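Asker: output the structure for:
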Amino acid sequence: MKFRDLKIGQKIITGFAIVSGVALIVGIIGLVSLRNVGNSFHEVADERMPAVVSLQEVDNSIESLMVSMRTMLNPSLTVEQRNEQMRNVQAARQRYATAIERFESLPMEDDVLLVWEQLRIAILDWRQINEQFEADLDRLNRLDIHYPMEFLKDLEMFEKDHYALQVRVANAIQTMRPFDGGDDHTACNLGVWIPNLTTSNSVITSGITAMNEHHNRFHRSVAEIMNHIRAGSQSSAQNVYMQQMMPAADEIFRYFSILNDQALIAVELFANMDRIQMEDGARYLEIVNGLIEQMVQMNIRNSEIAVSNGDRIIRASNLLMIFTLLAGLGVAFFLGFMITRLITGGINKGVNLATEVANGNLTIDVDEEMLDQKDEIGQLARSLQQMIEQLRDIIGDILGGADNIASASQEMSSTSQQMSQGASEQASSAEEVSSSMEEMAANIQQNTDNAMETEKIATMAVNGIRKGAESTSIAVMSMKDIAKKVSIIGDIAYQTNMLALNAAVEAARAGEHGKGFAVVAEEVRKLAERSQIAAEEIDELSENGVRISDEASRQLADIVPEIEKTAKLVQEIAAASMEQNTGADQVNNAIQQLNQVIQQNAAASEEMASSSEELSGQAEQMKEVVSFFVLESNDRRKQVKKSSKKKSNGFSNVKSGQKLNQEQLKEIKGVDLKMSSSEVTDDDFQRF
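Answerer: Numbering: from 1, shown residues only. Sure thing, here's the model as predicted:
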């Protein structure tokens, strides 16, 4: 079957199917492109960026760990402070261990995996160095010597003090000149230092406990020697010096040596820890940081490659989609042109044929090519050909009855004259009806205008009330929100002041290292003051809320006069309705006059009835077509026109005075103004 023989619907469906196929191809290309682009950006969002974030988390955790370890190198820290830093170290290790697990769960290229293995080895080596540091730190904590260097200085001072006292006593024995002081073991620097010493080191505590007895004996011997010198017994003083003071001094110095050894061990541990962190640890840390930075750059480079691939896919997809769209548009335009040409060509021929028939040319025939088509155009052509043939037969029949219609129309003329007189009287009555109706129309218009004005005022009143309600609601909500905000800001200001105070205290404890933190604490305190100012501004918002509520009240008060005005307009509408009633009475009077004229017209119409029955069958066949149709020759067409131009003067079979029945009266065309019908009540109208 040829394409031209397809039904019009099938042609259109075929065209749309081809266009839809092109659209489907474009859609598939778009979906595939979007999937490829999505894969590229999925690689960036779900693999590359999380890898970079994990590596940065590892780097930040390592940095935090190093800060805590180097902080523990401060000899002034107590054991508890060093333990606090050690807890920070453990937390940092947990963080970078979690980040490492997260990173290892992501897919990695071979080059990234190679660097990652190097990084893991470097982290393990660095961890071993840190474990050496932690071992020394554990030993240092067990020694429990606060500030070992200061501890050594104190021991050196105590040793010098007792040497000096021992020399002074020996000189006093030689010169037999006594001196005051040196006899109170709690008054010397060592005696003052011992009660303030706090440590869990058993060597130090046991040594000091044992040294206290010798220290007391040392100072008591000074008192005895001074007493013997004052008594003038140099030999007794010499004996006490040799037998009590010297042995006590030796014991004291021996315990000084024990304490000094403990402090030297702590100093050596600090030196070893410092070497581990600043030399070995720093070297491995540099390697770790370098590998982390290398991996970050590799992931960033891979992300850029993925993004570039996505952009390339987008550009290629755009070009392919543009090409496909252009091809689809070409196919669509071609199909549209062809289908339109096939459809409109036949339709135009049919329209031209129908135009010729409308102009009265019945000699024309449809082309054989159109009659052979199997689609709707062929059906239309065959129907037109059949119509032309039937019209030819019908016009031939109408021409036979044209003469009879002409004679009957003459008889109708006399009766039409009688109806003309009645029509004049009807026109006079109609004028009166028209005048009354105009007056009623004016009143109705006035009622309509008043109703519209009433509607506008009512609308304004409703809007004003709504606006007042909304303003009141806004004011209430604003005051509630302000109350909440003031409470929150007050709490924030209080807590901020407390935090600033605590921060200042901690900064003071930290000494030189806490100066920067003290500045931050001061800034936080200033922020708290600004929060207080913000609270005052919020109070102003509360006042604004009250003013809004007052404004709403005034707006509601302004609506009352508008409502009163609406009531007055309603009264005017009622008055206009009364005037309408008066107009209705006048219309009724005019209707009575019209009724008389209608009776006269009815009598004349009865005379026309018989002739109308005779003409009715033939008039339906004649209409207006017989005057210009061309059948076989121009002479025949002229004959048809001549016959149609004859005018009638009367009816042949109408009896004068015969009354029309009710059914015949209904056929009389005019305006029925019966307003007294029982079917119409006041309930059918709207009351204003």
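
Asker: residues contacting stretch 167-176, please?
Answerer: Around stretch 167-176, the neighbours that count as contacts under CB atoms under 8 Å, 6 or more residues apart in numbering are 178-179, 182, 222, 225-226, 229, 232, 234, 237-238, 241, 245. From N, CA and C alone the C-beta is placed, and that goes for glycine too.

Asker: mind redoing it with 7 Å?
Answerer: Residues outside stretch 167-176 that contact it (CB atoms under 7 Å, 6 or more residues apart in numbering): Pro178, Phe179, Val222, Ile225, Ile229, Gln234, Ala237, Gln238, Tyr241, Met245.

Asker: for it, what is the average pLDDT?
Answerer: The average pLDDT for stretch 167-176 rounds to 92.

Asker: and it, what's buried?
Answerer: By neighbour count with 16 or more other CB atoms under 10 Å, stretch 167-176 contains the buried residues Val169, Ala172, Ile173.

Asker: where does the second one sit, in terms of helix or strand?
Answerer: Read that as Ala172. When elements are assigned from DSSP states H and E, Ala172 belongs to helix 148-175.

Asker: mind saving the C-alpha coords of the helix or strand following that helix as CSV?
Answerer: Counting by DSSP H and E, the next helix or strand C-terminal to helix 148-175 is helix 189-196. The C-alpha trace of helix 189-196 is given here as CSV (Å, rounded to 0.1, in the frame of the first residue of the first chain):
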residue,chain,number,x,y,z
ASN,A,189,67.1,26.5,103.2
LEU,A,190,67.0,22.7,103.3
GLY,A,191,64.7,22.7,106.3
VAL,A,192,62.3,25.1,104.5
TRP,A,193,62.4,23.0,101.3
ILE,A,194,61.8,19.6,102.7
PRO,A,195,58.1,20.2,104.0
ASN,A,196,57.2,21.7,100.6
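
Asker: C-terminal to helix 189-196, what's the next element?
Answerer: Next along the chain after helix 189-196, taking DSSP H and E as the criterion, comes helix 202-231.

Asker: which helices and strands does that following helix pack with?
Answerer: Using 3 or more CB pairs under 7 Å, 6 or more residues apart in numbering; DSSP states H and E, the elements in contact with helix 202-231 are helix 148-175, helix 234-240, helix 246-275.

Asker: and the contacts of the second one?
Answerer: I take that to be helix 234-240. Outside helix 234-240, the residues that touch it by CB under 7 Å, 6+ apart are Ile173, Met176, Ser221, Glu224, Ile225, His228, Ile229.

Asker: do you know how far Gln243 is from Asn171?
Answerer: For Gln243, the distance to Asn171 (CB to CB, to the nearest Å) stands at 19 Å.

Asker: what do you get for Asp161?
Answerer: Remark: distance between Asp161 and Asn171 (CB to CB) = 16 Å.

Asker: ok so, going back, mind putting the helices and strands packed on helix 202-231 into CSV with distance to Met72?
Answerer: Shown next, in CSV, are the helices and strands packed on helix 202-231 (distance: least, CB to CB, whole Å):
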stretch, distance to Met72
helix 148-175, 14
helix 234-240, 50
helix 246-275, 8
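
Asker: out of those helices, flag the one nearest Val351.
Answerer: helix 246-275 (106.8 Å; CB to CB).

Asker: neighbours of Tyr241, just the number please.
Answerer: Burial measure for Tyr241: 21 neighbouring residues, criterion other CB atoms under 10 Å.

Asker: what of the one 10 residues further on?
Answerer: Here the number of neighbours of Glu251 (other CB under 10 Å) works out to 17.

Asker: contacts only, for it.
Answerer: For Glu251, the contacting residues are His214, by CB under 7 Å, 6+ apart.

Asker: mind doing that once more with 8 Å?
Answerer: So Glu251 contacts Met211, His214 (CB under 8 Å, 6+ apart).

Asker: state the pLDDT value of it.
Answerer: Glu251 is assigned a pLDDT of 92 by the prediction.

Asker: for Asn201, see how far away it is.
Answerer: Glu251 sits 20 Å away from Asn201, going by CB to CB.
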